[in-house]
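Novice: From the sequence below, what's the structure:
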Amino acid sequence: MITAIELTNFKGVGERQRIELAPLTLMFGANSAGKSTVLQAMLYLLELLDHGKPDVN
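Specialist: Numbering: from 1, shown residues only. The predicted structure follows:
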């Protein structure tokens, strides 16, 4: 189980940010707070694990 995700220099995230995950994690916040960025980072990781190379498009 993934317990945390760390992002550095990914989309709008500059310096390292660590987000702790639990069996149920709710993400909410203001527009442009980074919720979609976290989900896109997780999808990017899944693609790397599935295919071994990123889709940069």
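Novice: Tell me the spacing between Thr3 and Lys11.
Specialist: 22 Å (CB to CB, to the nearest Å). C-beta here means a position set from N, CA and C on the backbone, and glycine is covered the same way.
Novice: between the two, which one's more packed in?
Specialist: Between Thr3 and Lys11, Lys11 has the larger neighbour count (other CB atoms under 10 Å), namely 13 against 8.
Novice: Contact partners for Lys35?
Specialist: By CB atoms under 8 Å, 6 or more residues apart in numbering, the contact set of Lys35 is 27-29.
Novice: Phi first, then psi, for it.
Specialist: phi -60, psi -50 (degrees, to the nearest 10).
Novice: Tell me the spacing between it and Leu49.
Specialist: According to CB to CB, Lys35 stands 22 Å off from Leu49.
Novice: which stretches of the chain form helices?
Specialist: 35-51 (DSSP state H).
Novice: And the strands in it, which stretches?
Specialist: 4-7, 17-20 (DSSP state E).
Novice: Which strands and helices lie in contact with the last one?
Specialist: So that's strand 17-20. strand 4-7 (3 or more CB pairs under 8 Å, 6 or more residues apart in numbering; DSSP states H and E).
Novice: contacts for the strand it packs on?
Specialist: Applying CB under 8 Å, 6+ apart, the external contacts of strand 4-7 come out as 13, 16-21, 37-38, 41-42.
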